[in-house]
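[1] sequence first, then the predicted structure:
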Amino acid sequence: MNWTHNNLAFALVDFFLVVVAYSMSLGLRILDPMVGDPSVFWTHLAVAMPSIIAIHLLTNVLAGAYGSRAGQITAVVVAGFLSGVLLLVISFLARTELGVVIPYTVIALGAGLTLVGMSLARLPSRSRQWSGPP
């Protein structure tokens, strides 16, 4: 893959979008009065965040969200869906095998917010590529 400045910029924006989306998701989850000690969730999210970021960026690369199709929102949607499903499975395994608890709602909402953010980040790129009706 040819990493142009545009692709690197998308990857950097995607990195920050993942961090913000999952942090916002956990923040919203903690607003629930039934949550016991929220500091445990923040600690577990901090431990899992590098893996969450890596999974999102890797699925973006595999789906073609960077490269010649960097502006293709379809590739971002496919990558976002795959990331969400993969992270839910990994979250389940981490909970049962390692005792690392990140609420499933945080994973689902984080993946959804990331998908929306990544799609919106690519809209200006698509509008530059589209020159109007044929």
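    Everything's here; your move. Numbers count the residues shown, from 1 in each chain.

[2] low-confidence ranges, this structure, go.
    1-5, 35-36, 68-71, 124-134 (pLDDT under 70).

[3] show me where it has its helices.
    Ranges of helices within the chain are 5-30, 38-63, 73-93, 104-129, based on DSSP state H.

[4] make JSON lines out of the ones you listed and add mean neighbour count.
    Using the backbone N, CA and C atoms, a C-beta is placed for each residue, glycine as well. Putting these into JSON lines (neighbours: other C-beta atoms under 10 Å) gives the following:
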{"stretch": "helix 5-30", "mean neighbour count": "17"}
{"stretch": "helix 38-63", "mean neighbour count": "17"}
{"stretch": "helix 73-93", "mean neighbour count": "18"}
{"stretch": "helix 104-129", "mean neighbour count": "17"}
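
[5] and Ala111, how close does it get to Tyr22?
    Separation of Ala111 from Tyr22 (C-beta to C-beta, to the nearest Å): 9 Å.

[6] go on, Ser39?
    16 Å.

[7] check Ser83 too.
    In terms of C-beta to C-beta, Ser83 sits 11 Å off from Tyr22.

[8] any common contacting residues for the two?
    When contacts are counted by C-beta atoms under 8 Å, 6 or more residues apart in numbering, Ser83 and Tyr22 are jointly contacted by Thr114.

[9] need the contact list for the closest residue in space to Gly80 that isn't next to it in sequence.
    Of all residues not flanking Gly80 in the chain, Leu115 sits nearest, at 3.3 Å (C-beta to C-beta, 6 or more residues apart in numbering). By C-beta under 8 Å, 6+ apart, the residues touching Leu115 are 76-77, 80-81, 84.

[10] I appreciate the help and will end here.
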